[in-house]
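Colleague: coordinates only, sequence not included:
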């Protein structure tokens, strides 16, 4: 950051466009993802004159928001996107909603038509604050240059504090030209917004007492721990080491506790492990840390962990008792609350009930012995699970970041790729956005230029934002797009098989591009593997080449993703791979669920 | 536990552009009911507005409504008058009744009993202004129905706590 800019300043006169750039710098922004257009040209002009902000020109505004998300998730810093009015803003809506669902801090600046044209159906006018109100944590339309610096600073404060989320600042073109006085971030604070982050001491005390008395405890951890920063993951690891309790995590929380850790049960939920889900079902104390009892996690709510007492730590009070009633809510920042638990556990010299815990681990080991992630190898065909396993084996010793698209490949990656650290796994959890992974990889690679960034993709998803390969080429970003190509929208096909009598309505791709030729057309490297015997060498080639790669991995077209809790079932009613042939009973109520 | 209850919420908000849309959008987006809604600035200096919402749902839903309202950035405070503290609820209505002869006399007599005030009078019509708890207004409207009721305009409920303490 420019030292002169970082220092608290006297009010300085400048244009609105200059204020925007100045505010970005004052908030430590080094990268922005954007796409110019008529209503943001003054900002692009100010950007032209600024040489300490890296602007990444994407190929579609959805790509800008996902790239900003990838940047944010992998760095812990807010992601920034800059787009024009009208279609620029509406194209950003998917990324905003994605960031809202997964609590990712984004500051998205949208151009708007001049204030005197607002409401006139002007060219490229859209009601951006109206459209983005339900898909942002907060948004603003700046109608007066006097408000601009304050709003820019509030935008960063709101995006990054409390439960993080996306914000939109919509700035009409005349405001970008107007001159006004800029004030620095230190001189403004939001009038009323004060998120609560300190845990209630009495609640921590109660939680520790419940933990010390537990017979069959489990930590159910989520993205809140990732969002609370690496120190929260450290605190979790210490708490697990002190207590010896088993740990499972949601899709969003992978990496907070290391997959190599002794207490790790794997991911829970619809495609979680047999041991994690059974332990959730049979536990007597559930300690939920930074997760939100999502329907993908709970399965049928009235069959969810019926015999347990539940502690729920969340920074967002509205998550408490939303889907599942809990016995002890703790509304606080995950790091602060977990650190407080660690301190109190140590101060009170708490000891877990060793005999009970040992019996509990023996039961868990029986579930583990079921080896629920096993799959059947078939000669000559690459099983998608095998492809992920080889990808992991060949990259595990590297500095690797993984993004995904949405579908079967995403679940296989979550089940099989082992994450040891937070901020290494970027996936669209809440919204389930196909097309997320490729632009997210662009954002991750911008933030970590020398790391290995892999998008584990499906051939369906990747075509939704494929044009961002061009961005990767332009900025020499050596991202690896590893496509598990089964020619089907695999998760749709799987549901059609299990729930719709095998009527594969519009889930097969009659025509696909030749991904190797497509890679060449983009100016990057195309690789293909169709036999298990050639997979390792091709993956190695992908890793070794310092250019963007599209990897077309042709896999078994009919493989299903197991284990699976079918819709409307409880945690202890999983379908396992070897039970696949048995008919799957899905209740009519279950069929209604997504 | 699944019984539907009706609760009255007061929501103190920063009076900024779009704040009402945020509150209303929250209700429609999450499928909550709005039975009545009133809003006005209550402190011009502090730019604070007060929204009073009557809504219905199970206790779980009502708890969620309160928490979701509290999460909106411009929302300063949320009070559930139905459970937090004793309160008074009042509503005002303008009620137009037309008719002549016996019915007209009867309408005026009823209005007096309800302390409803005629604020517009012609040879064939009255507009009554009535203030009270929503139930009182309901019964007044019911009584006017056979006497030539043609139109009703209601403000929706406003509420305030009893006793010396503020919200």
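Modeller: Good, I have the coordinates. Note that the structure is a prediction, hence the values are computed from the model and not measured. Numbering: from 1, shown residues only, chains lettered A, B, ... in the order given.

Colleague: Contacts only, for the residue nearest to residue B:155 when sequence neighbours are not counted.
Modeller: If you skip the residues right next to it in sequence, residue B:155 has residue B:92 as its closest partner in space, 4.6 Å away by C-beta to C-beta, 6 or more residues apart in numbering or on different chains. C-beta: built from backbone N, CA, C; applies to glycine. With contact set as C-beta atoms under 8 Å, 6 or more residues apart in numbering or on different chains, residue B:92 has these partners: B:129, B:130, B:131, B:154, B:155.

Colleague: May I have the residues that are in contact with the residue of chain B found nearest chain A?
Modeller: Taking C-beta to the nearest C-beta as the measure, chain B has residue B:67 as its residue closest to chain A, at 3.7 Å. The contact partners of residue B:67, by C-beta under 8 Å, 6+ apart, come to A:317, A:318, A:320, A:322.

Colleague: quick one on the thing from earlier: I'd like to know which of the contacts of residue B:92 are buried.
Modeller: The neighbour-count criterion (16 or more other C-beta atoms under 10 Å in any protein chain shown) marks B:130, B:154 among these as buried.

Colleague: Mind listing the strands the host helix or strand of residue B:9 pairs with, and their directions?
Modeller: Secondary structure assignment for residue B:9, by DSSP states H and E: strand B:5-14. Each strand that strand B:5-14 pairs with, and the sense of that pairing, follows from DSSP bridges: strand B:48-57 (antiparallel), strand B:75-80 (antiparallel).

Colleague: Please narrow the contacts of residue B:67 to those residing in strands.
Modeller: Taking DSSP state E, every one of those sits outside strands.

Colleague: Which of those residues sits closest to chain B?
Modeller: Distance to chain B, by C-beta to the nearest C-beta, is smallest for residue A:318 among the contacts of residue B:67, at 3.7 Å.

Colleague: Can you tell me how far that closest one is from residue A:485?
Modeller: Distance check for residue A:318 against residue A:485: by C-beta to C-beta, to the nearest Å, it reads 41 Å.

Colleague: more neighbours, those two?
Modeller: Neighbour tally, residue A:318 and residue A:485, criterion other C-beta atoms under 10 Å in any protein chain shown: the higher count belongs to residue A:485, 27 against 19.

Colleague: Let me see the contact set for the nearest residue to the more buried one once chain neighbours are set aside.
Modeller: With C-beta to C-beta, 6+ apart as the criterion, residue A:485 has its nearest non-adjacent residue at 4.2 Å, and that residue is residue A:459. If you count contacts by C-beta under 8 Å, 6+ apart, residue A:459 has them with A:483, A:484, A:485, A:486, A:487, A:509, A:512, A:515, A:552.

Colleague: ok so, going back, what about the following helix or strand past the strand holding residue B:9, distance to the chain center?
Modeller: Along the chain past strand B:5-14, the next helix or strand (assigned with DSSP H and E) turns out to be helix B:19-29. The offset between the C-alpha centroid of helix B:19-29 and the centroid of the whole chain comes to 17 Å, using C-alpha atoms, centre = their mean, to the nearest Å.

Colleague: Which residue ranges of chain B form strands?
Modeller: So, for chain B - with DSSP E - the strands run B:5-14, B:36-43, B:48-57, B:75-80, B:87-98, B:117-121, B:125-132, B:149-154, B:158-161.

Colleague: Quickly note the distance from the residue nearest to residue A:485 to chain B.
Modeller: 34 Å (C-beta to the nearest C-beta, to the nearest Å).

Colleague: Which pLDDT value goes with that residue?
Modeller: Model confidence at residue A:459, given as pLDDT, is 98.
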